[in-house]
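Novice: everything below, folded, please.
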Amino acid sequence: MPGLTWDHTEDIALALYEAHPDTDPLKVRFTDLHKWITELEDFGDDPKKSSEGKLEAIQMAWYEEWKEGQD
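Specialist: Down below sits the predicted model:
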């Protein structure tokens, strides 16, 4: 299994939430977000295949996870 790819938005979001539970995703710069995603243990895609749209989708999914955890 190749692991997570840029298209695994929900799975990446959950992994980021687990790795950074106290971080507000909307305060994370895309450069840091990209770095954190590529550093995930299960991430196995080409770091250069990301796009602003994919990072934004991951950030929004992570935000939904984070928001639910704040209740």
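
Novice: residues in contact with the helix ranked longest in the chain?
Specialist: Secondary structure of the chain per DSSP state H: the longest helix is helix 52-69. Contact with helix 52-69 is made by 6-7, 9-10, 12-14, 16-17, 21, 23-26, 28, 30, 33-34, 37, as judged by CB atoms under 8 Å, 6 or more residues apart in numbering. Glycine gets a C-beta too; all of them are placed from N, C-alpha and C.

Novice: which phi and psi does Phe43 have?
Specialist: Phi and psi for Phe43, reported as degrees, to the nearest 10, are phi -80, psi 130.

Novice: one step back: quick one: distance of the longest helix of the chain to the chain centre.
Specialist: Mean C-alpha position of helix 52-69 versus that of the full chain (CA atoms, centre = their mean, to the nearest Å) differs by 7 Å.

Novice: pretty sure Ile12 is touching Phe43, no?
Specialist: Yes - taking contacts as CB atoms under 8 Å, Ile12 lies within contact range of Phe43: 7.4 Å.

Novice: so what pLDDT did Pro2 get?
Specialist: According to the prediction, Pro2 has pLDDT 66.

Novice: swap that for Asp71, sorry
Specialist: 78.

Novice: now Thr38
Specialist: Reported pLDDT for Thr38: 97.

Novice: just give the closest residue to it, not the sequence neighbours.
Specialist: The shortest distance from Thr38 to any non-neighbouring residue, by CB to CB, 6 or more residues apart in numbering, is to Pro47 (4.6 Å).
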